[in-house]
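Engineer: got a predicted structure here, sequence first:
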Amino acid sequence: MTDATSNRFDRLTLHYVGDDSQERAHFAQTALLVGHHCELYDSIDEIAVHKPYRGIIFLRDEPKHGGIQGLIKHLEREAIWLPVIAVGKMTDPQEIVSAVKAGALDFIILPVEADRLARCLTHNAVEAERIATIRRIKVHAKEKLDRLTPREAQVLELLSDGCSNKLMAREMGISPRTVEIHRANMMTKIGAANSASAMRLKLEAYER
């Protein structure tokens, strides 16, 4: 048998989310065997309370919680931007495809063995860092946009459509001067120096 620790790279913090205590314990022991620290959570709500800011999240594929797609969307709503690897007892190869389409880096079949975990982490190390950067930018952009009032958000939407202040005023049923006020407030709240940076922030928030 290959020594799993020989596949080890920099020590990571792995976050395992799943409601089966035995599966959680086994995963933590396996993570330790390959040289990584593991934090355990029994639900997506628990990890939302104790938001992690480094490492990789391992999500147990649980259909009752909307599957991997639903769980990843929940993480994004909670402003958790770490990369995700799905974990589950696969009975259909389509599950892997669905998990990856939902945004998971990989899919590990239970029970998670040391060699398989080490290979998975090594294989996905570079991509995990790239995904973490993209998701961090996306989450931070969304946090800024969430500060906007409905009117300010509408101004940004119309700005992205190429509308002038006059066209915005006509579309929104308000005066051009009021548009200017909403536009100035919007730019201040999201920290945009100009229209281009405001539109870029909007793209960052909604691009996959």
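Structural biologist: Perfect, I can see it now.

Engineer: tell me where this structure has strands.
Structural biologist: 13-17, 37-41, 56-60, 84-88, 107-109 (DSSP state E).

Engineer: dump these to CSV, plus mean pLDDT, mean neighbour count and distance to Ile96.
Structural biologist: Every residue, glycine included, has its C-beta placed from N, CA and C. Supplementary listing: these in CSV, determined by pLDDT from 0 to 100; neighbours: other Cβ atoms under 10 Å; distance: least, Cβ to Cβ, whole Å:
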stretch, mean pLDDT, mean neighbour count, distance to Ile96
strand 13-17, 96, 22, 18
strand 37-41, 96, 18, 23
strand 56-60, 95, 25, 14
strand 84-88, 93, 25, 8
strand 107-109, 91, 18, 4
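
Engineer: so what's the most far-flung residue of the chain relative to its centre closest to, chain neighbours aside?
Structural biologist: Taking Cα atoms, centre = their mean, the residue of the chain most remote from its mean C-alpha position is Ser175, at 39.2 Å. Using Cβ to Cβ, 6 or more residues apart in numbering and skipping residues adjacent in sequence, the residue nearest Ser175 is Ala169, 5.9 Å away.

Engineer: need the contact list for the residue nearest in space to the middle of the chain.
Structural biologist: In the chain, the centroid-proximal residue (Cα atoms, centre = their mean) is Trp81; its distance is 3.6 Å. Residues in contact with Trp81, defined by Cβ atoms under 8 Å, 6 or more residues apart in numbering, are 75, 132, 135-136, 138-139.

Engineer: just the pLDDT at it, thanks.
Structural biologist: We have a pLDDT of 86 for Trp81.

Engineer: biggest helix in the protein by residues?
Structural biologist: For the chain, the helix with the greatest residue count under DSSP state H is helix 114-145.

Engineer: next, the buried residues of it.
Structural biologist: 114-115, 117-121, 124, 128, 131-132, 135, 138-139, 141-142, 144-145 (16 or more other Cβ atoms under 10 Å).

Engineer: which strands or helices does that helix pack on?
Structural biologist: helix 21-33, strand 56-60, helix 67-77, strand 107-109, helix 176-190, helix 195-206 (3 or more Cβ pairs under 8 Å, 6 or more residues apart in numbering; DSSP states H and E).

Engineer: okay, angle between the first one and strand 84-88 too, please.
Structural biologist: Translated: helix 21-33. Here the directions of helix 21-33 and strand 84-88 differ by 130 degrees (axes from the mean of the first three to the mean of the last three Cα atoms, to 10 degrees).

Engineer: next: the third one.
Structural biologist: Using the same axes, to 10 degrees, the inter-axis angle of helix 67-77 relative to strand 84-88 is 150 degrees.

Engineer: before we move on, the earlier item: and of the strands of the chain, who's closest to Gln154?
Structural biologist: With Cβ to Cβ, the closest approach to Gln154 among the strands of the chain belongs to strand 84-88: 32.9 Å.

Engineer: select, out of the strands of the chain, the one closest to Glu180.
Structural biologist: strand 84-88 (42.4 Å).

Engineer: in its sheet, what does the closest one sit against?
Structural biologist: Applying DSSP bridges, strand 84-88 is found paired with strand 56-60 (parallel), strand 107-109 (parallel).
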